[in-house]
Structures are given as structure tokens and as C-alpha cells.
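Q: Build me a structure from this.
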Amino acid sequence: MTTYTNQKLKLPLSLNEVELPKDLPPIVLLTFTRPDLLEQVLSALAKQTLKPKKILAFIDGARNEKDKKLIKKSINLLQGFSNTIPVDIISRSHNLGCDVNAVTALTQVFNHFSAAIYLEDDVVPNPYFYDRMCRLLVAYRDFPQVFSVTAYANFPQGLNQVIQEDFMVSQRVFALGLGTWADRWHDLNLAKYKQGYNPFGNYYKIPATIQTKYTIVNQFFLENNHKKDWVITLTLACLYKKYVHITPMVSFVHNIGCGHPEAKTYNKGGEPHWINLHSDRTANLNKLPPSLKVVDKLADSLEGVALAKHLQKCYGIWLSPSATWYLIRKYPGWQSKIAFLRLFFARIMKYLRYLRATKKA
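A: Numbers count the residues shown, from 1 in each chain. The predicted structure is shown next:
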């Protein structure tokens, strides 16, 4: 486990005591074909206790005629909102896709600004969002091991019994209200890598902890379905470089995109129970973690049996022979080796179907 110290700087413990920056960071807002959701986000931005000076709105290019009409509605909303907060609208000439558009947008912004706050058009900030995010960016600006600050809370069950502060140190990135700095962003240089890039090589080589076990599952599906997700790619790049993130114990944003027909994910059915589990529309968080050490519960490596059980719960996951061989060599003890072998044989038909489908493609 890595512990970071800084002999010259003292960590702030109260966000209220952190001064606002002289130059307020812009909000980078990604929007596309959901003007109904965008309208709610803009309404929430108008109600911020600290009003942003500028919004940089990036709109992806249309895929079809239906998109053009919805994009036009989104542009009209942004133009009208410029009377409340100035909005620079950057429209893509062709469709990049959500993931490429997000990475490209942030790369462009960080060529001109030292820090920025990222929002998507289905993430509604509470009234204290911008003030808290600005202060967080100041609080951790001079601690280069911190890659990001976020307004979204997502943590393993029971962790709120261990952590008493309003914020924690995390190994996972959450983009539902994300703040970061140009130097960290350029250090990763995500724009030069293909989406789905994994610096560890394969999903099963990602270090497994109680947090990263979810990233391992996500990366399995990205690798084997040839999909992309820029936040998973960002998470892995940060993990590989041993960055940490400051995340809250209560969300001061609220996701409204689940079930929307234009959503990239969760576009069918209701809202997953976990997505807004810790959301509080009135939260004004203050207490910061006393160190940048990841607590043991999050940092400790999973045992092989625990990882195998986690993968077993995910019905779509199978192990290839190479993955199985790697895992039984990595994790000591016969119980771990037997657990991975059981998973391999239990899902071998899924693996064979995958091979046949791959050959046909």
C-alpha cells in the first residue's frame, strides 16, 4: 500500500476554510440529444450559491436527422441560458461518440485552463456544488498525487462506519461531477490511447481490491465486447500511475439519465438502486480527510477466493485458459486455485461460444 506524505504542505481539514481561487474554473458541460435533461441541469446551475463565470458546452455531431432536431433544441437552451451564465458552445462537425468527445473536450479545455469542472447533461448539481468543487480544486491543487475531486459518492457497504469525515481518499474515479487539473490530465495523455486501453494488459491483471473488483468486471466486458468507456480507461490509467481521488461520503449531484431513451447506458428499465443511493440535494460538505492514505479496507488486496466469488456473481463472465493460468499462479493456496478452476469449468461453454462468435466475425 502506498502512503503519500508532503513535508512542506499541510492538508486542509475544513473545506469552509479553503479560499476560493482568484480565477474560477469553467464548467465543461457535455450535451447531445437530451434537451429535456439539459434544461434541468441548467436550472440547477442557475441556482448555485456561487455562480460560475463560464460554461464550455461541447455538443457532439448528429448521427441522423432525429439527432439534428434534438441537438438544435439543446443549442437553443444553451443560447438562452447565456443571459444567466455565459456559455461558449462548441459543436462537433461530425459524431465522435460520447467517450471520444469527452476526452477530446477535456484535452482542449486543459490547453487553456489550469483546472476545470466536468458535468454531463444528466447530472444535476445541488446548490452548493460549484462552491464545493472550486474549493476542493484549491485544497488539493498542490498535492500532485491527487488526480481528481468529485461530487459523487460510491463506496463499499459499511465504509461510512469507518470514515467519519465528509470526504474520503479513493482509488476509483467518478465522472458525475468531476474536477481535475491540467497537469494531471496531460500527464495521462488519454487522447493518444485507444478507448478501452488497459495499462495492465488484461482485465485479470488489474490489482484486485474491494473497490477495483468492479473495475475488473467492467474491463472484462470492454475487452471482450470491443466496447469503450472513457471513465473506466481513466480509472485504470490513474490506478497504474498510483493516483488517488477525493470523493464524498454523500453525493451533491443527482443522476437523472437512467431509463432515458437517449442514454448510452441504463437506457431501459428503472433507475438502479445504487446510482443515487447516497445523494443529498441539500448537502454542503466540509470535513476533509486528515491524510492522503487510502484506508486499509479499500487498499488491501482481495484474496483469490473472494475475487473468484465476485466474478462468479457476474453471470456473463467467463475465464479463458490464459486468465485461469495467470490467476492460479498469482493467488497462493489451494482454495484460491480450486475456486478459479471451478469458475473456469462452470463457464467453459460461454467461453467456447465466445470463441465461435469471434471466428465468425
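
Q: Contact partners for the closest residue to Leu311 other than its chain neighbours?
A: On the basis of C-beta to C-beta, 6 or more residues apart in numbering, the spatially nearest residue to Leu311 that is not a chain neighbour turns out to be Ile317, at 5.1 Å. (Glycine included, C-beta is placed from N, CA and C.) Neighbouring residues of Ile317 by C-beta atoms under 8 Å, 6 or more residues apart in numbering: Val217, Phe220, Leu311, Arg347.

Q: Number of residues surrounding the last one?
A: Read it as Arg347. 18 (other C-beta atoms under 10 Å).

Q: so it makes contact with Trp318?
A: Yes - assessed by C-beta atoms under 8 Å, Arg347 is found in contact with Trp318 at 3.6 Å.

Q: hey, where'd the helices end up in this protein?
A: Along the chain, the segments classed as helices by DSSP state H run 35-46, 65-81, 98-109, 129-139, 182-188, 212-225, 230-240, 296-299, 304-313, 321-330, 334-346, 348-360.

Q: most packed of those?
A: Scoring those by mean neighbour count under mean count of other C-beta atoms under 10 Å gives helix 129-139 as the most buried, with a mean of 24.

Q: Average pLDDT for it, rounded please.
A: Averaged across helix 129-139, pLDDT comes to 99.

Q: Check stretch 326-345 too.
A: 97.

Q: Check stretch 293-313 too.
A: 97.

Q: Please apply the same query to stretch 219-230.
A: 93.

Q: now stretch 57-71
A: The model assigns stretch 57-71 a mean pLDDT of 96.

Q: cool, stretch 248-263 as well?
A: 86.

Q: what's Leu78 in contact with, if anything?
A: Neighbours of Leu78 in contact, by C-beta under 8 Å, 6+ apart: Thr31, Leu38, Leu42, Ile55, Ala57, Val87, Ile89.

Q: Report the separation between it and Cys98.
A: Distance check for Leu78 against Cys98: by C-beta to C-beta, to the nearest Å, it reads 18 Å.

Q: Kindly report the same for Arg184.
A: 22 Å.

Q: what do you get for Gln48?
A: 25 Å.

Q: go on, Leu37?
A: From Leu37 to Cys98 the distance is 14 Å (C-beta to C-beta).

Q: Check Leu24 too.
A: On the measure of C-beta to C-beta, Leu24 and Cys98 end up 26 Å apart.

Q: Now the buried members of the contacts of Leu78.
A: The neighbour count (16 or more other C-beta atoms under 10 Å) marks Thr31, Leu38, Leu42, Ile55, Ala57, Val87, Ile89 as buried among the contacts of Leu78.

Q: Next step: these restricted to strands.
A: Judged by DSSP state E, strands contain the following of these: Thr31, Ile55, Ala57, Val87, Ile89.

Q: any chance of those residues in a markdown table, with distance to Leu13 too?
A: Output for those, formatted as a markdown table (distance: C-beta to C-beta, whole Å):
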| residue | distance to Leu13 |
| --- | --- |
| Thr31 | 36 |
| Ile55 | 31 |
| Ala57 | 35 |
| Val87 | 36 |
| Ile89 | 40 |
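
Q: Now Gln40: closest residue in space, sequence neighbours ignored.
A: Val124 (5.6 Å).

Q: And the pLDDT for the one you found?
A: pLDDT, Val124: 98.

Q: Return the residues in contact with it.
A: Applying C-beta under 8 Å, 6+ apart, the residues contacting Val124 are Gln40, Val41, Ala44, Val253, His254, Asn255, Ile256.

Q: of those, closest to Thr180?
A: Relative to Thr180, the closest of the contacts of Val124 is Val253; by C-beta to C-beta it sits at 15.7 Å.

Q: distance of Thr291 from Gln161?
A: Thr isn't right for residue 291; it's Ser. Taking C-beta to C-beta, one finds Ser291 at 19 Å from Gln161.

Q: what about those two, which has more around it?
A: Taking other C-beta under 10 Å, Ser291 and Gln161 do not tie; Ser291 has more neighbours (11 against 8).

Q: wait, doesn't the more buried one sit right on Leu11?
A: Yes - between Ser291 and Leu11 a contact is recorded at 6.8 Å, counting by C-beta under 8 Å.

Q: about what we covered before: what is the nearest of the contacts of Leu78 to Asn189?
A: Set against Asn189, the nearest of the contacts of Leu78 by C-beta to C-beta is Ala57 (24.3 Å).

Q: so that closest one touches Ile90, yeah?
A: Yes - Ala57 lies in contact with Ile90 (C-beta under 8 Å); the separation is 6.8 Å.

Q: any residues in contact with both of these two?
A: By C-beta under 8 Å, 6+ apart, no residue touches both Ala57 and Ile90.

Q: Can you give me the domain boundaries for this protein?
A: 19-192+244-285, 304-356 (the TED database).

Q: Thanks a lot, see you next time.
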